[in-house]
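Participant: Let me see the structure of the following:
(2 chains)
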Amino acid sequence: MNELTGYIVLSGIIFSIGFAGVLLRKNAIIMLAGIELMLAAANLNFITFWRANWQGDDITGAIFVLFTIAVAAAEAAVGFALVLAIFRHYKSSEAQDYNSLKG
Amino acid sequence: MGWITKIFWLTAILPIVAAGLISVLNKSKKKTAAAVAITSLSCSCLISIISLIKVIELKTTKSSAIFITNFDWLNFSGLKVQFGFILDPLSSSVAVVVSVVGLLIFIYSVGYMASDWNFTRFFCFMSLFTGAMLGLIISNSILMLFIFWELVGLTSYLLIGFWFNKPSAAAAAKKAFITTRVGDLAFFIGILILFATTKKLLLYDNGDGCLEATSLKLVCNLAIFGGLFAGTVISILIFIGAMGKSGQVPLHIWLPDAMEGPTPVSALIHAATMVAAGVYLVARMEPLLTLVPSGTSGISVASMVITYTGAITALIAALIAIAQFDIKRILAYSTISQLGFMMMGFGAGGMAVAIFHLITHAFFKALLFLGAGSVIHGCQGEQDIRFLGGLKKYMPITFAVYAIGMMALAGVPLFSGFWSKDDILHSVSLWSVSKIPFYIGVVASFLTAFYMTRQVFYVFMGSYRYNKDSASHSSEHFPHESPAVMIYPMIILAIFAFGLGFIGCPFLPLIQKFLAYTEIEHKPDFFIMTLSSAISISGILAGWFLYGLKPVKSSQHPDILELKAKPFFNVLNKKLYFDEFYEATVIKLTGLFSELCLWIEIHIWDGLVQLFSRSVVLFAWLGRVWDEYVINLGFDTGCNGLRGVGQGISLWRNGKVHRYISVIGIAIIVLVLWVVWLAG
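Facilitator: This next block holds a predicted model:
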């Protein structure tokens, strides 16, 4: 057992919960929330490995995570705006109803 | 008893943890939710009371009793962001008030919200609200204080808009959030300037915090923005933040609308949490706010601004309150007015005066709101005092406790409000800059006694005038007294509302000695005491003369003041047109700006886009000529073949997002397994 194991397992669990949320829930908003969880799990991994090899004044890992958080926030904003726009059109927030592009 | 200083921070964390627990509870688990919330708050109540006892004990033996626990939150090379907790007379006494009043309101809510569908959500938000306020109180880092400050703002939004199905509640929540955000922005800029000048976030750090001598000296000698004194700029920015949260004119407009939330929320916002945050912030920052440029002495600009703002707020809100008809709205304006008193007391007499009034006000205002809630509960949600009346007969206990709260607010001698208001008037009368705030304070106290008497006569005296037009009313239905779970908290609050003032009466100024940083001489001033008793009694008599002699008979009957002074009454009834003023200025300007943007969008950007698209169309046309007559012929055959293949493949695209995602997921898993196998 490495000292990192706990963090990685936690991150794996969070990722799985997020992925399960995306796969199993029909509501597009919950699916977006699941994606956020997966991003959070990735962030946790970044921080873990950064801390494990910490040199004392190196902040790349934390900066990387800050960027991911910013990107995730932007992604959530765009995602929710899309859901809202699609909702106005289809009167539904269920992902399986958005199928007008099917073959 | 040293352990208590180590776990003092739990007083804020416990309710937040409880909120987390309740948030994952099932909606039907009403009893569990209430039990979790009340247990956690009782624990933090207990911790804060023990801490207060410890601090009192130390304060009497030693002169200073400040405990701080600091830790690093972030440590980037060179930039340290530190958080910390502080246990001192100010934080411990306010924490006790918040947790005790909060606990009583929680217990009351169990009865008040019993039939609400979203009972668990309510207790989750309430716990978070109280926890955020307690966190704000114990913060020893201005950034941490700001985080909890915003958390208080967020939860107040959630609670004011608790019945979000009502459009008015949703609008009120938005209004509260946006209005306080104006103040928060100024507060945040103030924090940034403070951090830029002192490089410190901790308030107290064994001589190295930003409220201690070294930093204050630094701020004292500094001029920023071309000659402005740094201390004044920071102080006023921080005070604007406090104005937003504590509803000072002109940022008070959200507070009356916040009545759209459930009544226990109003009680919590008005007594213990939200509005107290601003006064607490000002009190906490006292060393900075009273700072004058080095080489000068006297009263700081910020103190003067605070005193005048407080005085104006106290007067304006008291004036508006006399012409309102909503039982909770009258109380809301009285809160604004009392907050004005606190600010005025702070500016003229220092933090101890303001906090003393904050503490007594927390108890009697919570009592008044819970009493109003009991009235509303007993009368099928009727809030218009014209449709109430005669409730003395139906709700005797509510009437009794309400009368105690009203007398405390009006400043009847011996009640708690009398002592704290007396303290404020006393310090304002001694203010060296001007006597105007003192006169304003006298008028506002008179008006306070007057409008509270008017309200009590409207609600409890005369005969019951139920609303005949309202569908929920039947003429046989009469108001009923509230259940015991609502009555007992009110009785406890009533005891405090009566007796709490004695800890700070001028003959025995315990709380002033306990809180103030420097020793102030407190001598009983019989002139002021006689004056303020005379004011409150004449206010009550005036109210009795106008509303008590001839009780209001019918709900259609206009207010007596409306008959006597119609234009005056109408202007006050419309709240001095503050909302209309903002509608015509701020909101209008925003609208104009967005229209300008629209115009630019249509006429400039759209033109460019059109130009571009036209040129593209031209190129496309050229391309089409080339395509159709040169390339097409050869490709048609190939295309037909491809189309067949495409049609086949397109059947895979069945529009089911989840199937796509599961294919991606399975592919990733296979890929990972393959990589692991290769490496293995």
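
Participant: got a list of contacts for the host helix or strand of A:Met31?
Facilitator: A:Met31 is part of helix A:28-52 when elements are defined by DSSP states H and E. Residues from elsewhere that reach helix A:28-52, judged by C-beta atoms under 8 Å, 6 or more residues apart in numbering or on different chains: A:3-4, A:7-8, A:10-12, A:14-15, A:17-22, A:25, A:58, A:60-62, A:64-65, A:68-69, A:72, A:75-76, A:79-80, A:83, A:86, A:93-95, A:98, B:657. For every residue, glycine as well, the C-beta is placed using N, CA and C.

Participant: can you pull the buried residues of that helix?
Facilitator: By 16 or more other C-beta atoms under 10 Å in any protein chain shown, the buried positions in helix A:28-52 come out as A:28, A:31-48, A:50.

Participant: Among the contacts of helix A:28-52, which ones are in helices?
Facilitator: A:7-8, A:10-12, A:14-15, A:17-22, A:60-62, A:64-65, A:68-69, A:72, A:75-76, A:79-80, A:83, A:86, B:657 (DSSP state H).

Participant: Filter the residues you listed down to just the buried residues.
Facilitator: Here, 16+ other C-beta under 10 Å leaves A:7, A:11, A:14-15, A:18-19, A:21-22, A:61-62, A:65, A:68, A:72, A:79, A:83, A:86, B:657 buried among these.

Participant: Which is the succeeding secondary structure element to the helix or strand of chain B with the lowest mean pLDDT?
Facilitator: The weakest-scoring helix or strand in chain B, judged by mean pLDDT, DSSP states H and E, is strand B:223-224 (a mean of 74). Using DSSP H and E, the helix or strand that follows strand B:223-224 in sequence is strand B:228-229.

Participant: Could you tell me which strands that next one is paired with, and in which direction each runs?
Facilitator: Looking at strand B:228-229 with DSSP bridges, its partner strands are strand B:223-224 (antiparallel).

Participant: any weak-confidence spans in the chain?
Facilitator: Going with chain A. Low-confidence segments of chain A, defined by pLDDT under 70: A:1, A:101-103.

Participant: please go with chain B instead
Facilitator: Ranges of chain B meeting pLDDT under 70: B:1-2, B:63-64, B:226, B:466-477, B:517-522, B:634.

Participant: repeat that with 50
Facilitator: Applying pLDDT under 50 to chain B flags the ranges B:471.

Participant: which parts of it sit against chain A?
Facilitator: Contact residues (C-beta under 8 Å from any C-beta of the partner chain) of chain B with chain A: B:76-77, B:647, B:649-658, B:661-662, B:665.

Participant: Grab the two from those residues that are most spread out in space.
Facilitator: Distance extremes for those: the farthest pair is B:Ser77 and B:Gln647 at 60.1 Å, using C-beta to C-beta.

Participant: Check which helix or strand B:Trp73 maps to.
Facilitator: strand B:67-76.

Participant: Number of residues surrounding residue 24?
Facilitator: Using chain A. For A:Leu24, the count of nearby residues is 12 (other C-beta atoms under 10 Å in any protein chain shown).

Participant: ah, no, chain B please
Facilitator: B:Val24 has 8 neighbours, counted by other C-beta under 10 Å.

Participant: how near is it to chain A?
Facilitator: According to C-beta to the nearest C-beta, to the nearest Å, B:Val24 stands 13 Å off from chain A.

Participant: ditto for B:Lys588
Facilitator: B:Lys588 sits 27 Å away from chain A, going by C-beta to the nearest C-beta.

Participant: Is that residue in a helix, a strand, or coil?
Facilitator: Classification of B:Lys588 by DSSP: H, G, I helix; E, B strand; the rest coil places it in helix.

Participant: Run a quick neighbour tally on it.
Facilitator: Every residue meeting other C-beta under 10 Å relative to B:Lys588 is counted, giving 11.

Participant: Tell me how far it lies from B:Arg624.
Facilitator: 50 Å (C-beta to C-beta, to the nearest Å).

Participant: Return the residues of chain A in contact with chain B.
Facilitator: Counting by C-beta under 8 Å from any C-beta, the positions of chain A adjacent to chain B are A:19, A:22-23, A:26, A:31, A:57, A:59, A:62, A:95-96, A:98-103.

Participant: Leaving out the residues flanking it, which one is nearest to residue 86?
Facilitator: Unless you meant another one, I'm taking chain A. Nearest residue to A:Ile86, sequence neighbours excluded (C-beta to C-beta, 6 or more residues apart in numbering or on different chains): A:Tyr98, at 5.9 Å.

Participant: Please refer instead to chain B.
Facilitator: Per C-beta to C-beta, 6+ apart, closest to B:Ile86 is B:Asn140, 3.8 Å.

Participant: B:Ile236 too?
Facilitator: Nearest to B:Ile236 is B:Ala302, by C-beta to C-beta, 6+ apart, at 5.6 Å.

Participant: Let me know the helix or strand that that neighbour is in.
Facilitator: With DSSP H and E as the test, B:Ala302 turns up in helix B:301-321.

Participant: list the helices and strands the helix or strand that that helix is followed by packs on?
Facilitator: Once helix B:301-321 ends, the next helix or strand along the chain (criterion: DSSP H and E) is helix B:327-349. Here helix B:327-349 touches helix B:230-246, helix B:254-257, helix B:263-267, helix B:274-284, helix B:301-321, helix B:351-378, helix B:416-429, helix B:436-460, going by 3 or more C-beta pairs under 8 Å, 6 or more residues apart in numbering or on different chains; DSSP states H and E.

Participant: mind putting those helices in JSON lines, distance to B:Ser594 and mean neighbour count included?
Facilitator: As requested, the helices and strands packed on helix B:327-349 are exported to JSON lines (distance: least, C-beta to C-beta, whole Å; neighbours: other C-beta atoms under 10 Å in any protein chain shown):
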{"stretch": "helix B:230-246", "distance to B:Ser594": "24", "mean neighbour count": "26"}
{"stretch": "helix B:254-257", "distance to B:Ser594": "22", "mean neighbour count": "25"}
{"stretch": "helix B:263-267", "distance to B:Ser594": "33", "mean neighbour count": "29"}
{"stretch": "helix B:274-284", "distance to B:Ser594": "30", "mean neighbour count": "27"}
{"stretch": "helix B:301-321", "distance to B:Ser594": "31", "mean neighbour count": "24"}
{"stretch": "helix B:351-378", "distance to B:Ser594": "38", "mean neighbour count": "28"}
{"stretch": "helix B:416-429", "distance to B:Ser594": "44", "mean neighbour count": "27"}
{"stretch": "helix B:436-460", "distance to B:Ser594": "40", "mean neighbour count": "23"}
